Each structure stands twice: as structure tokens, then as C-alpha cells.
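> pasting the sequence and the predicted model now:
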Amino acid sequence: MVRSVTNVTSLTRSGLSDFVIQRVTAIVLVAYTLCVVGFFAVTPNVDHVALVGYFGSPAMKLFSTLAVLATAAHAWIGMWTVGTDYIRPHYFGAHATAWRLTYQAGCLVVLFVYVAWALQMFWAL
């Protein structure tokens, strides 16, 4: 008998919601990428002053913050899915739950540091 992993550590506890969040965050990341690539395409002489002016504007700070949060949500759903699909008793034996929770805790720590570092850079916290 196959037992499914409980969704205690998932983002929304719903596969459909996680699916939608993955798609929405992907759209945010594509829009952000196009915005940054567009800046480089239309700015002939990119120097430090131009970059500070562009990324220092309130609109880009907000958009960059949104992109970082979207990346974190996107990554968490993906890593949670990988953990629950592959770190299970079939592969890891009786200690699968401990390994999976350790893996998920490690992912959360990395994502928290990533978001905190980005917010510190964008907003000089």
C-alpha cells in the first residue's frame, strides 16, 4: 500500500493552488527578466550610474522584491515536490521522514537567507 506524504509543509496544502502559484510566479519572473533585458537592450552605455539609477528607482525596487519573493515561492514548491516525491521510505527506509524534514528545513533556511539578503540589498535594511 502506498501512503502519501501529508501536506503539512507544503505552501498551500492544495496541489491545484501550488500549480497555479508556480505558473503565476513563472510569469512574474519572465516579466522581470524581460524588463531587465529590455533595459540593457535600450541603454547603449551601461555604467554604474545607469545601473544604480535603474535598480534604485522605487518601481524597480518593488519589482525586484516581487521577483525575489516569486523566486522563493516557486523554488519552495518545486523543492517540496522533489522532497516528497523522492525522499520516501522506498528509497530511504524507516528514516525517510527525518531525512525529508531535514532537507525541507535546509531548503527553508537557504530561501530565508536568500530573501533576507535580497531585501537588505534592495532596501538597505
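Cool, got the structure.
> give me the buried stretch members for the one helix or strand Thr81 maps to, please.
Assessed by DSSP states H and E, Thr81 sits inside helix 58-86. For helix 58-86, burial by neighbour count (16 or more other CB atoms under 10 Å) applies to 60-61, 63-64, 67-68, 70-74, 76-77, 79-80, 83-84. (Glycine included, C-beta is placed from N, CA and C.)
> please compute how far the helix or strand that that helix is followed by lies from its chain's middle.
Using DSSP H and E, the helix or strand that follows helix 58-86 towards the C-terminus is helix 89-92. Here the centre of helix 89-92 is set off from its chain's centre by 27 Å, with CA atoms, centre = their mean, to the nearest Å.
> helices or strands up against helix 89-92?
The helices and strands touching helix 89-92, judged by 3 or more CB pairs under 8 Å, 6 or more residues apart in numbering; DSSP states H and E, are helix 96-123.
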